[in-house]
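# Need coordinates for the below:
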Amino acid sequence: MKQAHIFDNRRTGVLLHITSLPSGNLGADAYRFIDFLQQAGVTVWQMLPLGPTHEDGSPYQCLSAHAGNNKLLCIDSIKAKPWCRNEDLAGKKVFTIVVNAYKQFVEHATEADWTAFNEFCQLQAFWLEDYVLYREIRNLNHAMPWFEWPEPLRDRQPAALKELAEQRTESLTIRRFEQFLFFQQWQNLKTYANQHQIKLFGDMPIFVAHDSADVWAAPELFTLDATGQATKVTGVPPDYFSATGQRWGNPLYDWQAHIKEDFSWWLKRLATQLDLFDLIRIDHFRGFEACWEIPASCETAMEGEWGKAPGEALFKKLVSEFGELPLVAEDLGIITAEVTALREQFAMPGMKILQFAFGGDADNPYLPHKHCNDSITYTGTHDNNTSLGWYDEIDEATRQHLHQYIGPSEEAMPWLLIRVALKSVSQLAVIPMQDLLELGGEHRMNVPGTMEGNWKWQFEWTMLPEGCAEKLRQLNQIYGRIIYE
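Next comes the predicted model:
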């Protein structure tokens, strides 16, 4: 199978989530960032999942695999709508602002506006109706997870859902309207990005959160008991980094149920992501070959076992539906030959992290001389320290190996590592924004295994070093990563 066309050219990407923009939303800063990328000769903007998050803010545990996070909405963009006659959209919470905006929409929207809203609701009904019900019920039950709701609502008894829908008609419509606004703002941004030769690179976690509209709407597709509790959960086995492994807690897929429905749930999920993005990373790709299955009663991952997954059958179905798959496999960690074979069968590039490359021997697969064309080279990801922070923390032997490998250079970190990424044979090289800003470890996005302080980092335009775009463009020119379209 041939790789997706997006990999026909050498490209550079920058990793920055929407929440890390100065405003943290889909407004003016997002458009300014696209202008910066174009000036720098960058043609890929990578970000994290866009879904509505739980209270911890992690974009990898979302309330929906389809919906957009309303906290990313730009209020100024709403105010600029012709139907928005009152610039003071009162409310401290985003949903309250959306309520006020909806009231103005009702009063002043044109027939064309209503047609667009109704068409959106009809087109997205396959996930939207479950989602708005889920969010409304969850709100009425003080944010309790769905498996702790009153039994009629937990079990989706038709009479109970019908009664609630009749009682909460306007509130449900407002929740649909909120998603309508999000997808409008997103598509406007994507159009602007594509017009400026920027491809949007998204992220799709392999698993979905237990407390999500997706699991509530289709519990038969997951490893749950009759009360909605998980019987098996996800994680990874004990390894060098953790003696007890990692217990993530997401319910596993009942793969036989997915096979029985001919993977229709996956077809719908990927269709949404392909509408949002030009390129998609699949987090924990190895789980499509085999998952680490942990009994839900176990507090750690130690008692889990490998359970096979029908990855080949699934991806064959996806290819038959969508043709080429613009997908990237997150294949970090201990990867078996079977996982690599699955990735290569469907022509998905893997990932190479330079922060993992140094301090060992010449066989380290992350060293640049071990890279291959069908890979993406990163200085680091959202789960890593910044390159400067990493360099400050590594031991002297690792630091010496880095400099011996690269050879004599007067270039300082992190640009030293950025240059290594850009000169790689990988078709795509991705640099976290923190590295372009030359920031230390206090600016990292996430520290895996910790619960506090993650997902909150934001930059300011004043942090941008003078001449950064020109410097990056020059490197892109030198290493053949400028795209002329």
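# got the buried residues for stretch 389-406?
Applying a neighbour-count criterion of 16 or more other CB atoms under 10 Å, one finds 389-391, 394, 398, 401-402 buried in stretch 389-406. (Glycine included, C-beta is placed from N, CA and C.)
# So what's the residue count around K93?
Per other CB atoms under 10 Å, the neighbour tally for K93 reads 10.
# my bad, should have said F201
F201 has 24 neighbours, counted by other CB under 10 Å.
# Of the buried residues of stretch 389-406, which pair is most distant in space?
For those, the farthest-apart pair by CB to CB is G389 and H401; their separation is 18.3 Å.
# Just give me the closest of the buried residues of stretch 389-406 to L325.
The shortest distance between L325 and any of these, using CB to CB, involves W390 and amounts to 32.0 Å.
# How many residues are close by the nearest residue to A4 once chain neighbours are set aside?
With CB to CB, 6 or more residues apart in numbering as the criterion, A4 has its nearest non-adjacent residue at 4.0 Å, and that residue is P326. Burial of P326 is recorded as 21 neighbouring residues (other CB under 10 Å).
# Tell me which helix or strand the closest residue to E220 other than its chain neighbours sits in.
What sits nearest to E220 in space, not counting adjacent residues and going by CB to CB, 6+ apart, is A257, at 5.6 Å. A257 belongs to helix 255-260 when elements are defined using DSSP states H and E.
# Likewise for C291?
C291 belongs to strand 290-295 when elements are defined using DSSP H and E.
# residues in contact with E136?
With contacts defined as CB atoms under 8 Å, 6 or more residues apart in numbering, E136 is in contact with 164, 168, 171-172, 175.
# and the lengthiest helix in the chain, what other elements does it pack with?
If each helix of the chain is counted by residues according to DSSP state H, the longest one is helix 169-195. Counting contacts by 3 or more CB pairs under 8 Å, 6 or more residues apart in numbering; DSSP states H and E, the secondary-structure elements packed against helix 169-195 are helix 28-39, helix 75-79, helix 94-108, helix 111-123, helix 125-140, strand 199-205.
# Could you measure from the nearest residue in space to E442 that is not next to it in sequence over to A112?
If you skip the residues right next to it in sequence, E442 has G389 as its closest partner in space, 7.4 Å away by CB to CB, 6+ apart. When CB to CB, to the nearest Å is the yardstick, G389 and A112 sit 51 Å from each other.
# again with A362
Applying CB to CB, the value for A362 to A112 is 63 Å.
# hang on, D56 packs against T450?
No. In this structure D56 lies outside contact range of T450 using CB atoms under 8 Å: 10.6 Å.
# The two: who's more crowded?
Neighbours per residue, other CB under 10 Å: of D56 and T450, the larger number sits with D56, 11 against 8.
# Tell me who's in contact with the more buried one.
With CB under 8 Å, 6+ apart, D56 has these contacts: 451, 454-455.
# Could you do S23 as well?
29, 74.
# and it, backbone torsions?
As for S23, its main-chain torsions (degrees, to the nearest 10) stand at phi -90, psi -20.
# Show the residue spans covered by the helices in the stretch 351-485 of the chain.
Across the stretch 351-485 of the chain, reading from the start of the chain, the helices by DSSP state H, counting those that start in this stretch fall at 387-393, 396-406, 415-423, 433-436, 468-478.
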